[in-house]
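Participant: here is my input; please provide its structure:
(one chain, ligands or ions: 1)
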Amino acid sequence: EKGGYDHFMLKEIYEQPSVIKDTYRGRLLVNDGIIKMSGVDDNLEKFLNAKRILIVACGTSWHAGLVAEYIIEEFSRIPVEVEYASEFRYRNPIINKDDVVIAISQSGETADTLAAIKLAKENGAFVFGVCNVVGSSISRETHAGAYTHAGPEIGVASTKAFTTQITILTLIALRLAKAKGTMSNSDYQRYLLELELIPEKVQEALLTNDVTKQIAEIYKDATNCLYLGRGYNFPVALEGALKLKEISYIHAEGYPAAEMKHGPIALIDEHMPVIVIAPNKGHYDKVVSNIQEIKSRSGKIIAVVTKGDTQVKELADHVIEIPEATEALTPLLTTIPLQLLSYHIAVLRGCNVDQPRNLAKSVTVE
Ligand code: F6R
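Facilitator: This is a model prediction of the structure:
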């Protein structure tokens, strides 16, 4: 049932090219130049009239929400706020009738997310679900939604759910951008084409398995790790750190790269591996400066870079190459080696990768 893989987690990491495709199949219609999502299309007025979009979720799904914040705001210029469902539900939040709430949940059973949805509904908001489990409580409790087609996720640490959530949320962002006219038609068409190429690129990103395994051998005994990224890849840094914590029990923190000098830089010494997400887009030059700051304090750099990179390669102790992609879509690629790195470190440490201690697949109690 593990399809020849040692663990469900590894199998699920490798399923990502096909489940991303399953998730956009029938929705991303490149030849017609359109995105078809009945849950959005049928409620388009609600989305277009929304003064803001509120995203509620927990854990990895919350990280997907953060990626979506960057993408939705950039593409469709609708203000987005992302909240931990557990905080949202208990802090007497301001919810308006013209708010659209997007709840993201793999299991569709997370108690805090479910409670946040009920609260939003009581206050008259329109609630849209992004769930993986068909017929789950959250999918039933929401007014409309779109399923991720990740298939069953058995490994407790979420992998393919995350990338399929980002896929759905990117489709929504593009659909809204088209309807609002906030993106030029040529950019819109270019994104459709680029999105269709993502599964192949994820397949290529999976070729980092060997290099991540070698890096894992070197750093498996680390006690702390720092993950840094900027822009679209800041949430990927958070997710990379969460994955390492969960399955290898190594303390890890994700940070926006520029925040390093506001505190975490004090931690840097020769024992501190720093994983830096540095694709050749957006804030590349600034990330290069961050890497220099870490090197000058003897930190060890493991950098995720775009294939063909030279600048970071000169500075970093190790580089992991991923294929070229338009910046907004890079999280779907940069995530892959970070999942593999956590996996290999956890296996080398003898951890129970599929069922880490103290964790449950569905958190149905608050
Ligand atoms: C991380 C992980 C958890 C879940 C969180 C939300 O690998 O598994 O952080 O992401 O419990 O779960 P769902 O998405 O089912 O609501």
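Participant: specify the local secondary structure of Ile277.
Facilitator: strand (DSSP: H, G, I helix; E, B strand; the rest coil).
Participant: do Val56 as well
Facilitator: strand.
Participant: partner residues bridging it?
Facilitator: With DSSP bridges as the criterion, Val56 is bridged to Glu83, Ala103.
Participant: what sits against it?
Facilitator: 65, 82-85, 88, 101-104, 113, 116-117, 120 (CB atoms under 8 Å, 6 or more residues apart in numbering). For glycine as for every other residue, the C-beta is placed from the backbone atoms N, C-alpha and C.
Participant: out of those residues, which are buried?
Facilitator: For the contacts of Val56, a burial check counting by 16 or more other CB atoms under 10 Å picks out 65, 82-85, 88, 101-104, 113, 116-117, 120.
Participant: closest one of the residues you listed to Glu253?
Facilitator: Of all the buried ones among the contacts of Val56, Tyr84 has the smallest distance to Glu253: 16.8 Å, by CB to CB.
Participant: show the contacting residues for that closest one.
Facilitator: Tyr84 neighbours (CB under 8 Å, 6+ apart): Val56, Ala57, Cys58, Trp62, Asp112.
Participant: up against the ligand, what does the protein have?
Facilitator: Counting by CB under 6 Å from any ligand atom, the chain comes close to the ligand at 58-61, 105-107, 110, 113, 156-158, 242, 246, 362-363.
Participant: relative to Tyr84, how far out is the closest residue to the ligand within the chain?
Facilitator: Residue nearest to the ligand within the chain: Gly59 (1.9 Å; CB to the nearest ligand atom). For Gly59, the distance to Tyr84 equals 9 Å [CB to CB, to the nearest Å].
Participant: try His7
Facilitator: From His7 to Tyr84 the distance is 28 Å (CB to CB).
Participant: host element of the residue positioned nearest the centre of the chain?
Facilitator: Against the mean C-alpha coordinate of the chain, by CA atoms, centre = their mean, the closest residue is Ala64 at 4.0 Å. Following DSSP states H and E, the helix or strand that holds Ala64 is helix 59-76.
Participant: got the buried residues for that helix?
Facilitator: In helix 59-76, counting by 16+ other CB under 10 Å, buried: 59-72, 74-76.
Participant: report the backbone C-alpha coordinates of the helix or strand bottoming out on mean pLDDT in the chain in CSV.
Facilitator: Of all helical and strand segments in the chain, the minimum by mean pLDDT, DSSP states H and E falls on helix 284-295, at a mean of 92. Extracted in CSV, the C-alpha atoms of helix 284-295 (Å, rounded to 0.1, in the frame of the first residue of the first chain):
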residue,chain,number,x,y,z
TYR,A,284,17.2,37.7,-4.7
ASP,A,285,19.8,40.4,-4.1
LYS,A,286,18.5,41.1,-0.6
VAL,A,287,18.6,37.4,0.2
VAL,A,288,22.2,37.2,-1.1
SER,A,289,23.1,40.0,1.5
ASN,A,290,21.3,38.0,4.2
ILE,A,291,23.4,35.0,3.3
GLN,A,292,26.6,37.1,3.5
GLU,A,293,25.6,38.2,7.0
ILE,A,294,25.2,34.6,8.1
LYS,A,295,28.5,33.5,6.5
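Participant: packing partners for it?
Facilitator: Where contact means 3 or more CB pairs under 8 Å, 6 or more residues apart in numbering; DSSP states H and E, helix 284-295 is packed against strand 273-278, strand 300-306, helix 311-315.
Participant: avg pLDDT for the second one?
Facilitator: Mean pLDDT, strand 300-306: 97.
Participant: so what touches that strand?
Facilitator: Applying CB under 8 Å, 6+ apart, the set of residues contacting strand 300-306 is 215, 219, 270, 272-281, 291, 294-295, 312-313, 315-324, 334, 337-338, 341.
Participant: and with 7 Å instead?
Facilitator: Contacts to strand 300-306, defined as CB atoms under 7 Å, 6 or more residues apart in numbering, come from residues 215, 270, 272-280, 291, 294-295, 312-313, 315-322, 324, 334, 337.
Participant: ok, now the last one?
Facilitator: Applying CB under 7 Å, 6+ apart, the external contacts of helix 311-315 come out as Ala278, Val288, Ile291, Gln292, Lys295, Ile301, Ala303, Val305, Val319.
Participant: which one is Asn209 nearest to, not counting chain neighbours?
Facilitator: Leu340 (5.5 Å; CB to CB, 6 or more residues apart in numbering).
Participant: for the host helix or strand of that neighbour, which positions count as buried?
Facilitator: Using DSSP H and E, Leu340 maps to helix 331-348. Of all the residues in helix 331-348, those buried under the rule 16+ other CB under 10 Å are 331-347.
Participant: mind giving me the packing neighbours of it?
Facilitator: helix 8-14, helix 160-180, helix 185-205, helix 209-219, helix 234-248, strand 318-322 (3 or more CB pairs under 7 Å, 6 or more residues apart in numbering; DSSP states H and E).
Participant: on that earlier part again, can I get the buried ones among the contacts of Val56 in CSV with pLDDT?
Facilitator: Shown next, in CSV, are those (pLDDT from 0 to 100):
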residue, pLDDT
Gly65, 98
Val82, 98
Glu83, 98
Tyr84, 97
Ala85, 96
Phe88, 95
Val101, 98
Ile102, 98
Ala103, 98
Ile104, 98
Thr113, 97
Ala116, 96
Ile117, 97
Ala120, 96
